[in-house]
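Enquirer: Dropping a prediction and its sequence here:
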Amino acid sequence: MRYSLALLGTFAAVSAAAVAAADYAGPLGWSPVAVPTSTDTTRTYKQWHLGDVATVTYIKDTSLAYADALGNIQKNFSTNKIKATTDQDLPCQGKTAHVIEFTTGPDGHRIVINRVLVPDGSGVQTITYTRQDGAVFDSDVKKSETAFCSGS
């Protein structure tokens, strides 16, 4: 589990390099998590939980370019021989964004991490959805991502 959390932390750092036109509103019915205030004016960080494992984390970062954020993730996957189950472009806010999904963690405690990276000017926005392995993709998360990408 520590490995999974370290990987998620790495993604959070890379995600912090994410920025888009409008902030992500989060999934309906999920509990927002109070995040500590920060003096870092280049990043916005929001998080929501549902149950014990399911988490959505949104990071908007004006200090890291989309191409650099995506390149860092792809290099990390290559170096650590991580195989993504999803690794593809998708339209979001009139731009070409990217989604990566993979499963990690020890047997019995595996989690699925789904990360959407969206270019925004010179920065990037990321939405990271973490759920237990075997759990279906939450419909409220899907609706919130669709609304965010359509700009509504």
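Expert: Ah, there it is.

Enquirer: Specify the beta-bridge partners of the residue nearest the centre of the chain.
Expert: Nearest to the geometric centre of the chain sits Thr128, at 2.1 Å (CA atoms, centre = their mean). When bridges are called by DSSP bridges, Thr128 pairs up with Thr57, Arg115.

Enquirer: Neighbours of Pro106, how many?
Expert: Close neighbours of Pro106, defined as other CB atoms under 10 Å, add up to 10. Yep, even glycine has a C-beta here, placed from its N, CA and C like the rest.

Enquirer: so how far is Asp133 from it?
Expert: According to CB to CB, to the nearest Å, Pro106 and Asp133 sit 11 Å apart.

Enquirer: so where do the helices sit in this structure?
Expert: Applying DSSP state H to the chain gives helices spanning 2-15, 66-79, 139-150.

Enquirer: what packs against the last one?
Expert: Helix 139-150 sits against strand 86-92, strand 123-132, with contacts defined as 3 or more CB pairs under 8 Å, 6 or more residues apart in numbering; DSSP states H and E.

Enquirer: Let's see that with 6 Å instead.
Expert: For helix 139-150, there is no helix or strand it packs on, judged by 3 or more CB pairs under 6 Å, 6 or more residues apart in numbering; DSSP states H and E.

Enquirer: low-scoring stretches of the chain, by residue?
Expert: The model of the chain has pLDDT under 70 over residues 1-21, 152.

Enquirer: Kindly recompute the last result at 90.
Expert: 1-23, 34-41, 51-53, 108, 121-122, 151-152 (pLDDT under 90).

Enquirer: Can you get me a residue count around Ala25?
Expert: By the criterion of other CB under 10 Å, Ala25 has 13 neighbours.

Enquirer: quick one: it from Thr85, how far?
Expert: 27 Å.
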